[in-house]
Structures are given as structure tokens and as C-alpha cells.
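J.: here is a sequence with its predicted model. Questions after.
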Amino acid sequence: CAEPPVPPFLREMARAASVAAAALLAATLAGCSADGKGPSPGPAPKPPGPTAKPYTCESEFKIGGVVMPGHKGLALDDDTFRGCPGKIPVEWPHTSEPVASLRMFKAWAPDWPEEARQPAWDAIAQFTQRSGAKVLMGTQITCNETADDADWALVLRLLKQLGPNSVMGVAIGNEMEQLYTKANITKQCITNIWAGGYFWRKTVERVQDLEKLGDGFGNVTLTSVFGGAVLGGGPFVETPQAMALSYLRNATKEYGSRWAYSINVYPYYDPGNHWDNHSHSCNAAITRGLDFSPEGDMPSTLVLFRQKLQELTGNTNDTMWLTETGWSSPRADTLAGANLQMAQCANFSTEKVLQRYYDGVLNWNMTLGEIQGPDHIFYFTIRDSNNFGVGEHFGLIHTCDNATCKMQQDYLPNTTTTTTTTTAAAGGNTTTTAAAGDNTTTTAAAGGNTSTTAAARGNTTTTRTTTTTAGSTTVATSSGRPAQSTSIASAVELFAEVVI
């Protein structure tokens with residue numbers, strides 16, 4: 001039959017509805033709300049369907065359990081996220097302990113295939129649903145506001161899909177105090193970031209957007225991650241190139257206990273590491289890196305961070321996160337730029353040292369003596385990946401194609417141990433350094449000073465004999481670094497000078 005005529009008012013209604021629908025679609029794709037006033041996360045995608053069984057890498061050995069497993073997580077590298085998001089280990093490699101958290105640096109990269117994004121998000125969602133793990137979600141702050149807003153729009157959509165119960169926090173910016181050292185970063189950009197208020201303005205906007213999401217996102221923990229260079233100030237770095245102190249003061253005042261203070265610490269890149277005396281060996285540097293006592297390389301940096309936080313806030317128990325730490329094997333191409341001596345040391349980047357650092361992190365009880373330790377730590381990373389096109393090998397698995405874990409030989413010192421014994425007569429000074437896993441025994445008679453250094457998992461025994469007339473002083477430090485905060489501060493300031 002013939003099509004009946006359409007009344008003019010119905011044509012006008014249809015036209016208006018079509019325009020509105022087109023506007024809504026465009027706004028959603030652009031990451032804005034329909035009224036153009038703010039970001040929109042868009043509708044949550046449908047839950048993913050069934051997939052293969054949870055992934056674990058294969059290994060010939062176990063390294064034991066995980067101490068405080070609910071407070072430790074893995075950082076998600078770009079190669080895993082883009083290439084095999086369904087192969088995130090549900091258990092810590094070489095253990096049977098579940099992974100409790102995942103640090104994500106982005107929701108997606110603009111140069112990655114768009115058609116792969118939703119399947120990757122579905123895989124992340126399945127990982128959290130199966131394991132109960134929570135995600136620390138990151139978002140970028142750069143010199144490009146358009147790119148930053150596009151990144152944030154994707155973050156909001158992924159957060160909505162995950163749900164607030166699977167989100168432990170949102171990190172706004174990563175190592176911003178080092179942004180000015182990157183290639184192609186202009187002075188005008190840095191001025192805008194810090195003195196111009198761009199970084200802080202975007203932080204406030206991001207928090208407001210989280211509150212608009214509802215469903216509990218208004219209470220999610222907030223943070224911004226800094227690197228070791230942030231410690232090079234009183235209490236934190238404050239220069240025209242990096243006004244971190246001003247930023248943290250603003251965050252403390254505005255968000256109080258909702259704010260977590262986060263730092264990345266890598267003993268692997270410590271510029272204070274150097275060759276042993278009169279040789280190109282580096283046993284002392286390895287020992288410092290593998291020491292998880294409060295005087296060790298990484299823990300002593302956290303001690304200093306906690307002390308500086310107390311100076312900032314007046315509190316001794318602010319939420320503190322160690323958001324990256326790890327060890328590269330084989331040698332990272334970026335090591336030579338941070339410490340040429342360690343890059344030239346054959347033993348520094350071996351799989352043996354990697355295994356012992358990883359084991360040390362998993363078995364660390366996260367204490368810092370009488371000072372409160374970190375509330376959460378993330379190990380970097382799942383798979384070997386590139387850093388701006390430069391090869392790094394911090395992964396526990398080589399590539400997405402590998403079914404096995406990277407480490408296949410057990411180097412832990414419960415099999416073969418070297419024992420070193422040093423004895424000094426009265427008044428003599430002794431210094432003993434043992435490589436990772438070795439046992440050391442040092443004895444000094446009355447009046448002698450002893451300094452004993454042993455790596456993680458090594459056994460250290462220090463004995464002294466004292467009299468009422470001549471006392472002796474004993475210092476047992478696995479890091480080789482003095483425990484006094486002033487000495488630690490000097491080392492960190494050296495690190496900051498090198499980075500800056």
C-alpha cells in the first residue's frame with residue numbers, strides 16, 4: 001500500500017530527536033557529557049564472556065610464600081597490557097600466593113589498536129573479578145591538555161567498568177618532578193605545569209569528575225606518584241622546574257587522609273653505587289641493594305620519605321605507597337645513563353641478583369624499625385618491556401609468547417653458602433663484606449670497631465668483647481649506608497643532583 005503522508009510536526013520531532021542522538025554520540029566519543037560541560041564515562045560494556053583458565057607462568061622451582069600478600073601487587077607493563085592482557089598472573093610467579101593488586105599506568109595508549117582496547121579492558125575486569133585484586137589506576141599529566149583529557153576520558157570509562165570495589169586508588173601524574181628532563185619538553189610547558197597551576201588544576205578537575213561518577217568513586221584514594229628526585233629538598237624539591245612541595249602542600253590541605261603519598265624507589269639505578277675498592281666487582285653495591293633491613297638501600301629511602309612526610313603533615317602514619325621497585329636482568333639499556341660503573345659490572349644485572357631481589361621483596365615484612373613502613377608496594381613488572389624505545393628487563397616473564405617464567409634456576413642460598421670469618425685483635429678495626437647469600441662472622445676484641453655487611457638471606461653474626469675501661473663500637477649494616485638520617489639525606493641529595 002502507499003506510504004501515508006507524515007504530518008509536519010512529526011517530521012520536526014523526528015529531526016530534533018536525530019540531532020540530539022547525534023550530539024550525544026559525538027559527546028560520548030569525545031569523552032564529554034551531552035551538555036559539553038564535563039567528561040562522561042559512557043555506558044559500561046557488557047561483562048566479558050568465559051575465557052581460558054587463569055594464567056600462571058611455569059617454573060621449575062618455588063621461592064616460598066609472600067609475607068603480607070594483601071599489601072603487595074604487580075605493575076602492569078605495556079607489553080602485557082597491549083599484547084596479552086589475558087596472561088596477567090593470578091599468582092606471584094614461583095609461588096602459590098594470589099596477586100592482590102595491579103598498578104596500571106594508563107587506560108590505553110593513543111597509538112595502540114582501537115579494536116583491541118575493549119577486549120583488553122574485559123581481560124582486566126575478569127582478572128579483578130576472579131582474583132579479587134584491586135587496581136591502582138593511573139592517568140597522565142603532560143604538556144598537551146587535549147591528550148590529557150582524552151586519556152582521562154578513557155580512564156573514567158575503564159573505572160566505570162571495573163567498579164569502585166575493584167579500585168584501590170587513582171594516580172594523577174607519574175614522576176612529575178622529572179618531567180623537565182624528558183626530551184622535547186619546553187621551558188614554557190614546565191612553567192605552565194607548575195607556576196601556571198596546570199598540574200594542580202587538573203588534579204582538582206579529575207577529583208571532581210570522580211565524584212560525579214557516583215557509586216562510591218567519590219571516596220576512592222587519591223595520589224600522585226613521584227620518583228626519588230622529589231626527596232632532594234626541604235622537605236621536598238621546590239624549584240621552578242619541579243614545585244613538588246607546593247603541590248603536596250595543596251594536596252594535603254585539600255584532601256587530607258584521602259591522599260596517599262607515593263614514591264618509586266630503584267636500588268638498581270642508585271647513583272651512589274660504585275665498584276669495590278681497586279676492582280671492577282660490585283659486591284658491596286649488590287649487598288646494599290639486597291638488604292631489606294631499615295638501613296638497606298630501598299628501605300632507608302622509605303625511612304627518609306616517611307621522615308619528610310612527617311615534616312610536611314605533622315603525622316607519623318600518613319598512607320604511604322611504594323609504587324615501583326624492581327631489578328633488571330639482563331642489564332637494562334638505561335643503566336649506563338644512571339650509573340656507568342654498575343653497567344660495566346658483570347655481576348650486577350645477573351638473574352641470580354634479580355631472583356634474590358624479587359625474593360627479598362616478597363618476603364619483606366614491610367617494617368622500617370620504629371618508623372611505620374609503607375602501606376602497599378608494587379613490584380615492577382610482569383614482562384620485559386621498552387621504555388621510550390629503550391630495552392629494559394625488569395619483567396618476571398620474558399614476552400607474551402613465553403609460557404615459562406624468566407627465572408628457571410634456583411639461586412637462593414639455601415643450597416650453596418660461602419662462609420667468611422674475620423677476627424681482629426684488641427683495638428683492631430675489621431670490615432667484612434659478603435656477596436648476596438653468603439654468611440659472615442666478624443669478631444673484634446675489646447676496643448675494636450667492627451663493620452659487617454651481608455646481603456639478603458645471608459646470615460650475619462657479629463661478636464664483640466667489652467671491658468669497663470675500653471668499649472667497642474659495633475655497626476652491622478646490610479646496606480653499607482649509615483643508618484643516620486643525615487647521611488641518608490646526603491645520598492638522596494646526590495641522587496637528586498644527578499637526575500636534575
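T.: Received it, and whenever you're ready, just let me know what you need.
J.: what does residue 238 show for phi and psi?
T.: Phi and psi for residue 238, reported as degrees, to the nearest 10, are phi -150, psi 90.
J.: okay, it: pLDDT?
T.: pLDDT, residue 238: 98.
J.: which strand is the longest one in the chain?
T.: strand 167-174 (DSSP state E).
J.: let's see it as CSV, backbone CA atoms only.
T.: Output of strand 167-174 as CSV, limited to C-alpha atoms (Å, rounded to 0.1, in the frame of the first residue of the first chain):
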residue,chain,number,x,y,z
VAL,A,167,39.7,0.2,42.5
MET,A,168,42.2,0.9,45.3
GLY,A,169,43.1,4.4,44.1
VAL,A,170,43.7,6.9,41.2
ALA,A,171,47.2,8.2,40.5
ILE,A,172,47.3,11.6,38.8
GLY,A,173,50.7,12.0,37.0
ASN,A,174,53.8,9.9,37.3
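J.: next one: it to chain centre, how far?
T.: With C-alpha atoms, centre = their mean, to the nearest Å as the basis, strand 167-174 stands 11 Å off its chain's centre.
J.: and for stretch 57-65?
T.: The mean C-alpha position of stretch 57-65 is separated from the chain mean by 23 Å, C-alpha atoms, centre = their mean.
J.: compute the first-to-last residue distance for it.
T.: 16 Å (C-alpha to C-alpha, to the nearest Å).
J.: what residues of that stretch count as buried?
T.: The neighbour-count check on stretch 57-65 (16 or more other C-beta atoms under 10 Å) flags 57, 59, 63 as buried. The way it works is simple: take the backbone N, C-alpha and C, and place the C-beta from them, glycine included.
J.: then stretch 181-198?
T.: In terms of neighbour count (16+ other C-beta under 10 Å), stretch 181-198 has its buried residues at 189-190, 193-194, 198.
J.: next: stretch 304-316.
T.: Buried residues in stretch 304-316, counted by 16+ other C-beta under 10 Å: 304-310, 312-313.
J.: what is the mean pLDDT for it?
T.: The model assigns stretch 304-316 a mean pLDDT of 98.
J.: same check on stretch 249-257?
T.: Rounded mean pLDDT across stretch 249-257 is 98.
J.: now that stretch: how far from the chain's centre is it?
T.: With C-alpha atoms, centre = their mean as the basis, stretch 249-257 stands 22 Å off its chain's centre.
J.: and the contacts of that stretch?
T.: With C-beta atoms under 8 Å, 6 or more residues apart in numbering as the test, stretch 249-257 has contacts from 200, 203-204, 207, 222, 224, 259, 312-313, 318-319.
J.: what's the closest of the residues you listed to residue 98?
T.: residue 319 (22.7 Å; C-beta to C-beta).
J.: which residues touch the closest one?
T.: Residue 319 neighbours (C-beta under 8 Å, 6+ apart): 221, 257, 259-261, 375.
J.: secondary structure added to the residues you listed, as a markdown table?
T.: A markdown table is the format used below for these (DSSP: H, G, I helix; E, B strand; the rest coil):
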| residue | secondary structure |
| --- | --- |
| 221 | coil |
| 257 | helix |
| 259 | strand |
| 260 | strand |
| 261 | strand |
| 375 | coil |
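J.: how about the residues you listed in a markdown table, adding neighbour count and distance to residue 215?
T.: Shown next, in a markdown table, are those (neighbours: other C-beta atoms under 10 Å; distance: C-beta to C-beta, whole Å):
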| residue | neighbour count | distance to residue 215 |
| --- | --- | --- |
| 221 | 19 | 15 |
| 257 | 12 | 21 |
| 259 | 21 | 21 |
| 260 | 24 | 21 |
| 261 | 25 | 26 |
| 375 | 16 | 24 |
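J.: spatially nearest residue to residue 363 (excluding sequence neighbours)?
T.: residue 67 (5.2 Å; C-beta to C-beta, 6 or more residues apart in numbering).
J.: for the stretch 301-450 of the chain, which spans come out with low pLDDT?
T.: 388, 413-450 (pLDDT under 70).
J.: could you rerun that using 80?
T.: Counting by pLDDT under 80, the stretch 301-450 of the chain shows low-confidence ranges at 386-391, 412-450.
J.: all strands for it, in order.
T.: Taking DSSP state E, counting those that start in this stretch, the strands of the stretch 301-450 of the chain run over residues 320-325, 376-379, 385-387, 390-392, 419-424, 429-433, 439-444, 449-453.
J.: packing partners for the second one?
T.: Read it as strand 376-379. strand 72-75, strand 101-104, strand 320-325, helix 351-363 (3 or more C-beta pairs under 8 Å, 6 or more residues apart in numbering; DSSP states H and E).
J.: repeat the analysis, applying 10 Å as the threshold.
T.: Counting by 3 or more C-beta pairs under 10 Å, 6 or more residues apart in numbering; DSSP states H and E, the packing neighbours recorded for strand 376-379 are strand 72-75, strand 101-104, strand 134-139, strand 259-264, strand 320-325, helix 351-363.
J.: output these as a markdown table; include the columns distance to residue 83.
T.: Listed next are the helices and strands packed on strand 376-379 as a markdown table, based on distance: least, C-beta to C-beta, whole Å:
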| stretch | distance to residue 83 |
| --- | --- |
| strand 72-75 | 16 |
| strand 101-104 | 15 |
| strand 134-139 | 19 |
| strand 259-264 | 24 |
| strand 320-325 | 21 |
| helix 351-363 | 22 |
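J.: one step back: helix or strand for the residue nearest to residue 363, which one?
T.: Using DSSP states H and E, residue 67 sits within no helix or strand.
J.: CSV please, covering the buried residues of stretch 181-198 and showing pLDDT.
T.: Shown next, in CSV, are those (pLDDT from 0 to 100):
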residue, pLDDT
189, 98
190, 98
193, 98
194, 98
198, 98
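J.: restricted to helices, list those residues.
T.: If you go by DSSP state H, the buried residues of stretch 181-198 have 189-190, 193, 198 in helices.
J.: which members of those define the maximum pairwise distance?
T.: Greatest spacing in these, by C-beta to C-beta: 190 and 198 (10.0 Å).
J.: which neighbours do these two have in common?
T.: Residues touching both residue 190 and residue 198 by C-beta atoms under 10 Å, 6 or more residues apart in numbering: residue 143.
J.: elements contacting the longest strand of the chain?
T.: Counting by 3+ C-beta pairs under 10 Å, 6+ apart, strand 167-174 packs on strand 101-104, strand 134-139, helix 145-162, helix 198-213, strand 222-226, strand 259-264, strand 320-325.
J.: for it, which strands pair with it and how are they oriented?
T.: strand 134-139 (parallel), strand 222-226 (parallel) (DSSP bridges).
J.: pLDDT on the helix or strand hosting residue 79, on average?
T.: Assigned by DSSP H and E, residue 79 falls within helix 78-83. Taken as a whole, helix 78-83 has a mean pLDDT of 96.
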